[in-house]
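Enquirer: Sequence and predicted structure, then a few things I'm wondering about:
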Amino acid sequence: MNSLLTFPKGGVHPPESKEQTQGLAIEVMPLPDELELILSQHIGAPCTPTVAKRDVVAEGAVIGTVSKGLGVPLHAPAAGKIKDIGMSAHPVRVSAPSITLTVDREATPAAYPARDWQNLPTDELLARVAAAGIVGIGGAGFPTHVKLRPPADSPVDTLVLNGAECEPYITADHRQMLESPAEILTGARIILKILGIDSCHIGIERNKPDAITEMSRVVAEADQAGIVVRPLQVKYPQGSEKQLIQAITGRKVPAMALPSSVGVVVHNVGTAKAVYDAVALGKPLYEKVVTIAGQGIARPANLLVKVGTRVGDIVNYLGGLRPGLAKVVMGGPMMGFAVSTLDVPITKTTSAVLFLGEEEIDSNPHSQCIRCGWCLDACPMGLEPKEIGLYVEANRPAETAQFGVFDCFECGSCAYVCPAKRPLVQFVRLAKMKAKR
Amino acid sequence: MSKEQVSGEQITAPAALWKVSVSPHLKSRESVERIMWTVVACLVPPLILSVFIFGIQTLLITAVSVLSCVLVEAASQKALGRPVTVRDGSAVLTGMLLAFVIPPGVSPLLPILAAVFAIYIGKHLLGGIGYNFFNPALLGRAFLLASFPVAMTSAWLPPVEGFGIFAYFGASVDAVSTATPLAVLKEQGLAAFTEAFGSGASLYGSFFLGWRPGCIGETSGFLLVLGGLYLLYRGYITWHIPVSVVATVALLTWIFGGEGYFAGDPLLAVLSGGVLLGAIFMATDYVTSPTTRTAQLVYGFGIGALTVLIRLKGGYPEGICYAILLMNPLSTVLDGWFKPHRFAPPAGGGR
């Protein structure tokens, strides 16, 4: 393991803080009374409801579709009755259109017997992925079937499976690799078949040695040439698509381009599991493994929850909040969104809900830039965050395009290292709104 | 941001409000304060040693310098309606460095004037920390050199005998003052220098340890290097600026600094004057130095070259102070020339 892979430029080492949940097996959370399904669960067009108020729906039934543009259907995570089609709290947009479902707790859970996929044509496999409503559940939420149909002018030769899980605290992917390694591998093989390629690299950071062992074991058992597990150094943001591709294949995805332009497609290990569920079992994506951690929650856990479960219901199930809670974050502590209410529902892309205590976060006020240049060293994209910050503070955000503000994927490495505690990601977001591409 | 009861019954609303802010929610433990106070701590050993080299009055001068820098910083910020940030240690550091670059025999009142110029005009009128494009401590020294040229170029003291740290305390400086090695070398030549300071290993040894006339904090090369190594270990500085400054001074002095070419003494050039203090603690000042590695190397080369130029051809025996001040405003220019390598520019060229 002396030649562990990683990306060469930038990156930071925040405390990993995974010990709280990495040993906790995935636990199925009992059905809550209500689910709130936000209609825009992913990048692209929001779903249009295909149900009306007071309709009775079965588990797995389609309740929303996208007729025009990029998108995937939305399914009922449980049997029940449509209570309302209205608005829900949303971590980013404050509120967003949604469907509220009153769960029928008496209904028999849907069964999904294994079915044959080996002999299906590629089109049919792809149709199953699209129909199951799968999006990249690592966080970006890009509809998966679109990534599985790369443009004809940029043929793909490599699949990278993202098991880096570089965000602190989160252990959801880790647990899935431990508990469902065969399913993840089968998902990867389905993706390989759809893409018509053989080469698959499964990238896992070495702070998950048991996951590396498990995945290596099932890969060895499958005995399919071309699939390899690649242990990675621990460095944030290794799970970022461009950094992971560079770490594993050495290829650099140009700015404003998709990974397919260098012949690579990246999928999260959790997405591979969802592809397995969809294709081999016929089960749509309506459940999600979510890490619940932080000093502010009574009982940390890795939970399998229905999409649409309110954070408040999770808190109740886990025994409530603890004193000293300072911040509730949907997602990881580096890129997640702080929320102001527990009414926010889980979406297909939620990987964690963190209840961070005062000692776990930083709330020092920021001061003037001292030009130490640490942000330049930390930036994995080779940008100059300090300059972007100075221009935004000087009310000249339109001029920040020269510093590559649109290359920034807001990993937060710069703001993490900044000794003046400057909100550099916030400056970048402001700059992106005002600068011209 | 309210925390009302949510759907369940078990949750009791905590008393305080939650924080909602932009990611990242984690920050490293480093801070401006930590950096500044660490550098201050690295300067304490050379300060203590200066007491045993030049006597107890070095402490007094340093104390006056630090105190006046802190007071001027607080007063400037009050006057300009900005938050007072003296706790961040940057004014303390400026005060330490300012005292380190003035002769040990000057009046303890001199740093007060320098502090006003360095902190009020050189720092806060330009926008405060981060916006000063000259190193404040060196600006203070340059101001003193222009305003009190006699004191600043003659109040040198020979190292005290034994532990006689009170030897110069309250004494008339004129009676004991001496000349710095570089001044002797420049004005009287190598023969006089060898007669005054010796030669060979004992010369380098005593110069490296600090037993020679010079500014308060510049002589103890050993402790300065030790402090620099600690800053390297902590990741507060990188090797690029100090090494390029020192290497350039050594190389150019070797080539041009002797009778004919390639006859200069590079080791003596580095161990005398303020090269080590300047290279390790002044040229690496974040605010006034470039941020990319290539720019740092060019910047260090520029400082080294200007230092040798001033020493050999200029009117002053020592040149690093002005060399750094001349390069300071070029930092942002160099940063503009030597940009970090972008991950991958857009396909088809163009930024």
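Expert: Great, that's in hand.

Enquirer: Residues of the stretch 101-250 of chain B that sit close to chain A?
Expert: Residues of the stretch 101-250 of chain B lying close to chain A (CB under 8 Å from any CB of the partner chain) are B:Gly127, B:Gly128, B:Ile129, B:Gly130, B:Tyr131. Bear in mind the C-beta positions are built from the backbone N, C-alpha and C, glycine included.

Enquirer: low-scoring pLDDT stretches of the chain, where are they?
Expert: With no chain named, the answer covers chain A. Applying pLDDT under 70 to chain A flags residues A:1-2, A:139, A:437.

Enquirer: Correction: the question concerned chain B.
Expert: For chain B (pLDDT under 70), the answer is B:1-16, B:171-175, B:346-351.

Enquirer: OK, contacts around the residue sitting nearest the centre point of it?
Expert: Nearest residue to the geometric centre of chain B (CA atoms, centre = their mean): B:Met282, 2.6 Å. Applying CB atoms under 8 Å, 6 or more residues apart in numbering or on different chains, we find B:Met282 in contact with B:Leu97, B:Val101, B:Asn135, B:Ala137, B:Leu138, B:Gly274, B:Ile320, B:Ile324.

Enquirer: Check the spacing between the third one and B:Pro329 real quick.
Expert: Which is B:Asn135. 11 Å (CB to CB, to the nearest Å).

Enquirer: Compare those two and say which is more crowded by neighbours.
Expert: B:Asn135 (29 against 11; other CB atoms under 10 Å in any protein chain shown).

Enquirer: B:Asp285 is in contact with that one, correct?
Expert: Yes. Between B:Asn135 and B:Asp285 there is a contact at 5.2 Å, judged by CB atoms under 8 Å.

Enquirer: Domains of chain A: list them as residue ranges, please.
Expert: A:33-102+A:286-357, A:122-281, A:374-434 (automatic domain parsing).

Enquirer: Those domains into a markdown table, with extra columns for mean neighbour count?
Expert: Converted to a markdown table, the domains of chain A look like this (neighbours: other CB atoms under 10 Å in any protein chain shown):
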| stretch | mean neighbour count |
| --- | --- |
| domain A:33-102+A:286-357 | 21 |
| domain A:122-281 | 21 |
| domain A:374-434 | 22 |
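
Enquirer: need those domains in a markdown table with distance to B:Phe222, can you?
Expert: Formatted as a markdown table, those follow (distance: least, CB to CB, whole Å):
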| stretch | distance to B:Phe222 |
| --- | --- |
| domain A:33-102+A:286-357 | 42 |
| domain A:122-281 | 37 |
| domain A:374-434 | 29 |
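
Enquirer: Out of the ones you listed, which gets nearest to A:Glu16?
Expert: A:Glu16 sits nearest to domain A:122-281 of all the domains of chain A, at 5.5 Å, using CB to CB.

Enquirer: just so I have it, where are all the helices in chain A?
Expert: With DSSP state H as the criterion, chain A has helices at A:122-131, A:144-147, A:172-179, A:181-195, A:209-222, A:241-249, A:269-276, A:311-317, A:374-378, A:385-393, A:413-417, A:424-434.

Enquirer: do you know which of the ones you listed lies nearest chain B?
Expert: helix A:311-317 (3.3 Å; CB to the nearest CB).

Enquirer: Can you list the helices and strands that the closest one packs against?
Expert: strand A:301-306, strand A:352-357 (3 or more CB pairs under 8 Å, 6 or more residues apart in numbering or on different chains; DSSP states H and E).

Enquirer: Mind checking those strands for the one nearest to chain B?
Expert: Across those, closest to chain B is strand A:352-357 (CB to the nearest CB), at 6.3 Å.
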